[in-house]
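*Asks:* Take this sequence and fold it.
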Amino acid sequence: MLLAKTLGLFVVTAIAEIIGCYLPYLWLRKDGSPWLLFWAAIALIAFSYLLTLHPDAAGRVYAAYGGVYVTIAIFWLWQVDGIRPTTWDIVGVIVTIIGMAIIVLGGWKSA
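*Replies:* Numbers count the residues shown, from 1 in each chain. All right, here's what the predicted structure looks like:
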């Protein structure tokens with residue numbers, strides 16, 4: 001149950017971070033409204049807060065979170081940007097998920 005809860009929290013955290021970075025991109029590159037910066041700040045505040053909810057040491061959480069972030073970012077590329085992931089994108093996701101699994105299953109059990 002803790003693993004599922006943590007994974008879900010990682011996904012929500014990654015979405016908040018990506019939104020917080022994507023909205024300024026829309027403002028700067030796509031002539032978006034300056035209001036996007038307000039919502040970006042809210043998303044990044046949520047991202048920072050969500051990171052504090054994880055149950056382990058910050059460094060280990062950030063390292064494991066990286067695998068989920070990469071996965072969500074490639075999904076964002078596909079669903080929001082409309083760019084189909086390449087084989088190398090998928091391989092990169094698999095490698096990062098394996099790295100995350102090693103950290104989570106090995107590191108958290110030894111703590």
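*Asks:* Can you pull the poorly scored residue ranges out of the protein?
*Replies:* The chain contains residues with pLDDT under 70 at 1, 56, 107-111.
*Asks:* helices and strands around the longest helix seen in it, which ones?
*Replies:* In the chain, assigned by DSSP state H, the helix with the most residues is helix 2-29. Applying 3 or more C-beta pairs under 8 Å, 6 or more residues apart in numbering; DSSP states H and E, one finds that helix 2-29 contacts helix 35-52, helix 58-79. For the C-beta atoms, the positions are set from N, CA and C on the backbone; glycine is no exception.
*Asks:* Give the burial count for the residue lying closest to residue 58 once chain neighbours are set aside, as a bare number.
*Replies:* Spatial nearest neighbour of residue 58, chain neighbours left out: residue 51 (7.5 Å); criterion: C-beta to C-beta, 6 or more residues apart in numbering. By other C-beta atoms under 10 Å, 17 other residues sit near residue 51.
*Asks:* show me what contacts residue 51?
*Replies:* Residue 51 is in contact with 13, 58, 61-62, 65, counting by C-beta atoms under 8 Å, 6 or more residues apart in numbering.
*Asks:* Drop anything exposed from those.
*Replies:* The neighbour count (16 or more other C-beta atoms under 10 Å) marks 13, 61, 65 as buried among the contacts of residue 51.
*Asks:* isn't the first one right up against residue 66?
*Replies:* No - Residue 13 sits out of contact with residue 66 when judged by C-beta atoms under 8 Å, with a separation of 11.1 Å.
*Asks:* if we can go back for a sec, with distance to residue 85 added, can I get the helices and strands packed on helix 2-29 in CSV?
*Replies:* Shown next, in CSV, are the helices and strands packed on helix 2-29 (distance: least, C-beta to C-beta, whole Å):
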stretch, distance to residue 85
helix 35-52, 23
helix 58-79, 5
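*Asks:* ok so, going back, of the buried ones among the contacts of residue 51, which is the nearest to residue 31?
*Replies:* Each of the buried ones among the contacts of residue 51 was scored against residue 31 by C-beta to C-beta, and residue 13 proved nearest at 29.1 Å.
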